[in-house]
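**Q** structure here, sequence nowhere to be found:
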């Protein structure tokens, strides 16, 4: 406990950094993931091609490499942003590919007749997707999304190597002060465990609510 008590401020700021990274990146990943999922099931071929390319490239690119591309590549094109924003872009875009596939799988569980009935009533593709298909697909998507968000929370650890304040990076400060590295990592693990358990509990509640509404 001495390591935790003596370095409480360091751990707390690192935990808040990880929490902020997870929350903002999750919002970006959900927005981009749903949009790309819509592209992947769109009747417009260029949009389908874009969605397929987005998922294929990002799912098969190591996240660390994507960080290097964003942090070192974008400034070469005149895009200079805080490291936190760069980290959010890398994490959000990377995770959006997995969010997209989760939503696409959910969309595939909705009977094709639902979409056909909506189109026969004069609804556009966007209206059919937003008002008919996605609300039904949501029930099948909640559990996979929970796993994706838990993975996102753990992936934020990479941001510490790019000058972003987050939980894993606190071990350097604690180690420099002469404390046991083993105990430093123990309390870091506890922090990640609390965060992932909270995410799991949240999606568990959402999943139960979705099941009741069937």
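**A** Received, thanks. All figures in this text were calculated on a predicted structure; none of them were measured in a lab.
**Q** flag the shaky bits of this structure, pLDDT-wise.
**A** Flagging of the chain using pLDDT under 70 yields the residue ranges 212-214.
**Q** go with 50
**A** In the predicted model, the chain carries pLDDT under 50 at residues 213-214.
**Q** report the distance from stretch 44-60 to the chain centre.
**A** The chain centroid and the centroid of stretch 44-60 are separated by 18 Å, computed with Cα atoms, centre = their mean, to the nearest Å.
**Q** pull out the buried positions in it.
**A** Within stretch 44-60, the residues that qualify as buried are 47, 51, 54-55, 58, counting by 16 or more other Cβ atoms under 10 Å. Every C-beta, even on glycine, is put in place using the N, C-alpha and C of the backbone.
**Q** got a list of contacts for it?
**A** Stretch 44-60 is contacted from outside by 36-42, 66, 93-94, 96-98, 100-101, using Cβ atoms under 8 Å, 6 or more residues apart in numbering.
**Q** re earlier: and which of the buried residues of stretch 44-60 is nearest residue 15?
**A** Relative to residue 15, the closest of the buried residues of stretch 44-60 is residue 58; by Cβ to Cβ it sits at 27.4 Å.
**Q** now do the closest one against residue 204, distance only.
**A** For residue 58, the distance to residue 204 (Cβ to Cβ, to the nearest Å) stands at 27 Å.
**Q** got it, and residue 155?
**A** When distances are taken as Cβ to Cβ, residue 155 and residue 204 turn out to be 21 Å apart.
**Q** higher neighbour count, the two?
**A** Shown here are residue 155 and residue 204; by other Cβ atoms under 10 Å, residue 155 has more neighbours (19 against 13).
**Q** does anything pack onto the helix or strand encompassing the more buried one? Which helices or strands?
**A** The secondary structure element spanning residue 155 is helix 134-155 (assigned by DSSP states H and E). With contacts taken as 3 or more Cβ pairs under 8 Å, 6 or more residues apart in numbering; DSSP states H and E, helix 134-155 sits against helix 8-40, helix 83-108, helix 181-212.
**Q** that helix vs helix 83-108, what angle?
**A** 140 degrees (axes from the mean of the first three to the mean of the last three Cα atoms, to 10 degrees).
**Q** so how far is helix 134-155 from its chain's centroid?
**A** Helix 134-155 has its C-alpha centroid displaced from the chain centroid by 9 Å (Cα atoms, centre = their mean).
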